[in-house]
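**Q** no sequence on this one, just coordinates:
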Ligand code: HEM
């Protein structure tokens, strides 16, 4: 009773606070006419920036999040990076700006694509893409048309059951793989377990996106073509960013990294083309035979769970509620009520975000942090780095506290003001947010719940430097998890 009253009071004071904050912001909002000019936004000059990326430079080999945090310290919460990749980019780390950006993004939110990717689609493999930029690189009405077609398939919960069967099958194979490669004495995984985790992710995505079973977690693990694909995917992650954010020398010089990236993108495109062709043939055959019915960042989270036995115990209790036995079936229905699992996933992604945030090109002039940012400027948001590293936004920022995401819990104040849709952005925001979000959520929920139900997960090594981040995070230490079989 007391706690209900306490929570009600807390709720009311929070609403009053937010109302006051809203009014205060409106009162202090700067009009376009009063705003400081665009040219006054602080930041490095073009020359300083190029020098910083060259050997011996301040940002050479520095992870992107550290570069942004360093600029934040030097220039303040908004700064300008001149002519990076052809156009200026303004980067803001002021949460009040995020709302302005997203509220002004317009009917077709514009996100600048990687120029190297555009080159690949429009020039290098023109015969395949035939003028279509796709969802990730496209913009304007063409993007809008495609997104409208894709949303119901990928994002509507009632369609999720179409890919649930495939994802559960992949997670079964992963449990089997763990049992096969586990050291019988120490119960630990081999040094290269990160490769299996990567295979789990690729197999899951292909099982949904291409309706194809690759066999990466079993018989096809060493298949040469598949290994080539895995390496190509890794190259795209590493080189795509390098070539895009740094001055675009590849446009003028034969850069080996650029050629390597084109080869890797070729590998991925040919692979997808082949499997999409096969999937379409299967669909046609199934349709003819009348068979078209309902057939259908994990590492970081495991690491945190394996270091927090109390959290793992709470999670197990919740999962036992829907999976009484180790081999009980997961269904759309029984997965509905898993708040603690979802809080654990949210907290894992917060602590180890895959990328910095997102980008929007402003369709008209807006005021950000008191400056007039002119139409056509690309504005970057680094909210994910702030949520992962800065105590002022998330108290006890480097502690794994899933409870902070649960309402009415004693720790829920620990996320405080940051729990707004404008600040927690692992999947971006609004109509342009990640189209794969539901698949990722489902993949993680299935994999984690089945792992925790089957094994007690441990990790006997320090995790401080578990990941390295250039642009996207990557494993930095051997992932020697211990998977101890649960007896019931
Ligand atoms: C943990 C994994 C993932 C993360 C953290 C992630 C994050 C993101 C982010 C931040 C964006 C930009 C959103 C914005 O600008 O507001 C995005 C876009 C996108 N993502 Fe993901 N993503 C993930 C996995 C996936 C998967 C598995 C798929 C496909 C099956 C996917 C498909 C897409 C697409 C198509 C877009 C472009 C959407 C558009 O511009 O309309 N993502 N993702």
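**A** Here it is on my side, so go on. Keep in mind it's a predicted model, so treat the numbers as computed, not measured. Numbers count the residues shown, from 1 in each chain.

**Q** residues contacting residue 279?
**A** Each residue near residue 279 by C-beta atoms under 8 Å, 6 or more residues apart in numbering is listed here: 210-212. Placement of C-beta: from N, CA and C, glycine included.

**Q** Residue 363: neighbour count?
**A** 15 (other C-beta atoms under 10 Å).

**Q** Relative to residue 373, how far out is it?
**A** Relative to residue 373, residue 363 is positioned 12 Å away (C-beta to C-beta, to the nearest Å).

**Q** Tell me which residues are up against the helix or strand containing residue 205.
**A** Here residue 205 sits within helix 193-209, counting by DSSP states H and E. Here helix 193-209 makes contact (C-beta under 8 Å, 6+ apart) with 163, 166-167, 169-171, 173-174, 177-178, 181, 189, 212-214, 216-217, 221, 229-230, 233, 275, 298-299, 436, 439, 443, 447, 475, 478-481.

**Q** what about this structure, any weak spots by pLDDT?
**A** 1-28, 83-86, 245-247, 287, 289-302, 469-472 (pLDDT under 70).

**Q** if you look at the longest helix belonging to it, does any of it touch the ligand?
**A** Using DSSP state H to define each element, the chain has its longest helix at helix 256-288. No. Helix 256-288 stays clear of the ligand (C-beta under 6 Å from any ligand atom), getting no nearer than 11.8 Å.

**Q** Out of the contacts of helix 193-209, which end up buried?
**A** Buried by 16 or more other C-beta atoms under 10 Å: 163, 166-167, 169-171, 173-174, 177-178, 189, 212-214, 216-217, 229, 233, 275, 298-299, 436, 439, 443, 447, 475, 479-481, out of the contacts of helix 193-209.

**Q** from the contacts of residue 279, which is closest to the ligand?
**A** For the contacts of residue 279, the residue nearest the ligand by C-beta to the nearest ligand atom is residue 210; the value is 10.2 Å.

**Q** any idea how far residue 32 is from the closest one?
**A** Taken as C-beta to C-beta, the span from residue 210 to residue 32 is 48 Å.

**Q** what does residue 132 give?
**A** Applying C-beta to C-beta to residue 132 and residue 32 gives a distance of 37 Å.

**Q** Likewise for residue 461?
**A** 54 Å.

**Q** Between these two, point out the one with more neighbours.
**A** residue 461 (14 against 11).

**Q** Now for the more buried one: which residues touch it?
**A** 477-478, 480.

**Q** Let's see that with 7 Å instead.
**A** By C-beta atoms under 7 Å, 6 or more residues apart in numbering, the contact set of residue 461 is 477, 480.

**Q** Doesn't it belong to a strand?
**A** No. Counting by DSSP: H, G, I helix; E, B strand; the rest coil, residue 461 is not part of a strand but coil.

**Q** What are the phi and psi values at the residue of the stretch 101-250 of the chain at minimum distance from the ligand?
**A** The ligand sits closest to residue 135 of the stretch 101-250 of the chain, with a gap of 4.0 Å, by C-beta to the nearest ligand atom. The phi/psi pair for residue 135 (degrees, to the nearest 10) reads phi -70, psi -40.

**Q** Wait, it touches residue 148, no?
**A** No. Between residue 135 and residue 148 there is no contact under C-beta atoms under 7 Å: 11.0 Å.

**Q** Between those two, which is the more surrounded one?
**A** residue 135 (16 against 10).

**Q** residues contacting that one?
**A** 143, 146-147, 150, 435.

**Q** Buried subset of the residues you listed, written for ChimeraX?
**A** Of the contacts of residue 135, the buried ones go into a single ChimeraX selection, burial set by 16+ other C-beta under 10 Å:
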select :143,146,147,435
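
**Q** among the buried ones among the contacts of helix 193-209, which are in strands?
**A** When DSSP state E is applied, those are split such that residue 475 fall in strands.

**Q** Out of the buried ones among the contacts of helix 193-209, list just those in helices.
**A** 163, 166-167, 169-171, 173-174, 177-178, 229, 233, 275, 298-299, 439, 443, 447.

**Q** For residue 357, which non-adjacent residue is closest in space?
**A** Spatial nearest neighbour of residue 357, chain neighbours left out: residue 381 (3.9 Å); criterion: C-beta to C-beta, 6 or more residues apart in numbering.

**Q** I'd say the one you found and residue 358 touch.
**A** Yes. Contact criterion C-beta under 7 Å: residue 381 and residue 358 qualify, at 5.8 Å.

**Q** Identify the contacts common to the two.
**A** residue 425.

**Q** Burial check on the closest residue in space to residue 229 that isn't next to it in sequence, number of neighbours?
**A** Of all residues not flanking residue 229 in the chain, residue 271 sits nearest, at 5.2 Å (C-beta to C-beta, 6+ apart). Residue 271: 20 surrounding residues under other C-beta under 10 Å.
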